[in-house]
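Enquirer: Okay, predicted coordinates and the sequence, questions at the end:
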Amino acid sequence: MGRVTDLASFAALLTPEGQTLLAGLRDYDPAQELAVASRLRREHPAELVTAALGQARLRQRAVAKFGAEDAHRMYFTPNGVEQSTRATVGTYRAERFRELGVRSVADLCGGIGGDAIAFARAGISVLAVDRDPLTAEAARANAAALGLDGLIEVRCADVTEIDTAPYDAVFVDPARRGGRGRIFDPEAYSPPLSWATEAARKARHAALKIAPGVPHEAVPDEAEAEWISDGGDVKEAVLWFGTTPGARRATLLPAGTSLVGRGLPDPAVRAVGRYLYEPDGAVIRAHLVAEVAEELAGGLVDETIAYVTADELRATPYATAYEITDSLPFNLKKVKALLREREVGTLTVKKRGSAVEPEEMRRRIKPKGPNSATLFLTRVAGAPTMLIGHPAGR
């Protein structure tokens, strides 16, 4: 109920009546939608009420990506909310383009305009292209709503037919979702990664947004590959052209700290020390755990596990440190008794290299008490192991 499904209903939202409805629905409770809809339909056309309720719900979902101030002025489609770039990531990428001297960009597969907005706010003029008419209309409305229509031109077209020669840079964000969910094969993207790569090679600078799980062997030799996390969650990978061929980079937002690979060999496996470091997901995806281990004077707990252990506590933005108090072979009864003895009621369970799910472990342990602890389910030198500790510094 309430989904914006066609151009006519979307256009109605842009009328004065539609704008009044949307303004009144900013803080409405979706749980009360039936009552709200019944009330509004006494004064407004049913189709307009349905469209406004759907848009209000999408705006509420979009707050997590765009912030409340922008989200409640913008327009969305269901796919647009799902596939849009988070504003913090888009702002970071736009700044990289600006620092490269880019003043104009062809934003191919532009969606509802999230990246175009970031580019324009960085002072870069944008041609935003999407083949879906409703999505293009949403992007056009967003540029106007945010006062950026002087820098953003929206075109409804097939991206493969766009001449990108007049632009300083190309940005491509292929669709990575189909009717059955996420698409993992880069050649099944729309457009395929091979096409996007060829488009990138023709530009002075280019960035291709791809899934963070892309195999490293699929990265073209002339591209820099960057994995980006925001607040500890890996959001995307980007292939950069015209920067540093072959480089591997992990960037952590919101700080914007970047770690660039130096081609180090895998760290040695060593005994569990006083501290355990959990590298950021972007660091792991970029295969830069060795760089972090060197910085920490540490080694791996297992050759296949991305946990770094060390005897000293060192500050690093690229990993979270835990002080380890216990290391014992995997044994549910023993760890349950130990945690009960220490009156641990707040238990965080993390796993890497273990088939046991954290929620199942918590359910079986039934933690109770005033104290807290972190339990790691992992392997140490090939053996299933339980490590107990707490965030370092607490």
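Expert: That came through, no problem. Numbers count the residues shown, from 1 in each chain.
Enquirer: Where does pLDDT dip in the stretch 51-200 of the chain?
Expert: Residues of the stretch 51-200 of the chain that meet the criterion pLDDT under 70 lie in 176-184.
Enquirer: In it, what residue spans correspond to helices?
Expert: For the stretch 51-200 of the chain, the helices defined by DSSP state H, counting those that start in this stretch cover 78-83, 87-99, 114-121, 133-145, 193-201.
Enquirer: Ok, which of those comes nearest residue 41?
Expert: When the helices of the stretch 51-200 of the chain are compared by CB to CB, helix 78-83 sits nearest residue 41, at 22.4 Å. Glycine gets a C-beta too; all of them are placed from N, C-alpha and C.
Enquirer: from the chain's centre, how far out does the closest one sit?
Expert: Computed by CA atoms, centre = their mean, to the nearest Å, the chain-centroid distance of helix 78-83 equals 13 Å.
Enquirer: do stretch 155-164 as well
Expert: Counting by CA atoms, centre = their mean, stretch 155-164 comes out at 26 Å from the chain centroid.
Enquirer: buried set for it?
Expert: For stretch 155-164, the neighbour count (16 or more other CB atoms under 10 Å) marks 155, 156, 159, 162, 164 as buried.
Enquirer: quick one: secondary structure of the most centrally placed residue in the chain?
Expert: With distances taken as CA atoms, centre = their mean, residue 235 lies nearest the centre of the chain, 2.0 Å away. Three-state call for residue 235 (DSSP: H, G, I helix; E, B strand; the rest coil): strand.
Enquirer: What does the pLDDT read for it?
Expert: On the pLDDT scale, residue 235 is placed at 94.
Enquirer: Which residues are in contact with it?
Expert: 85, 86, 89, 212, 228, 229 (CB atoms under 8 Å, 6 or more residues apart in numbering).
Enquirer: what does the helix or strand in which residue 282 is found contact?
Expert: According to DSSP states H and E, residue 282 maps onto helix 281-285. If you take CB under 8 Å, 6+ apart as the criterion, helix 281-285 is touched by 212-213, 227-229, 232-234, 237, 250-252, 259, 289, 291-292, 306, 318-319.
Enquirer: cutoff 6 Å now
Expert: 212, 227, 229, 234, 250, 292, 306, 318 (CB atoms under 6 Å, 6 or more residues apart in numbering).
Enquirer: Top of these by number of neighbours, please.
Expert: Highest neighbour count within the contacts of helix 281-285, by other CB atoms under 10 Å: residue 250, with 29 neighbours.
Enquirer: on that earlier part again, most packed of the helices of the stretch 51-200 of the chain?
Expert: Greatest average neighbour count among the helices of the stretch 51-200 of the chain goes to helix 114-121 (a mean of 27), per mean count of other CB atoms under 10 Å.
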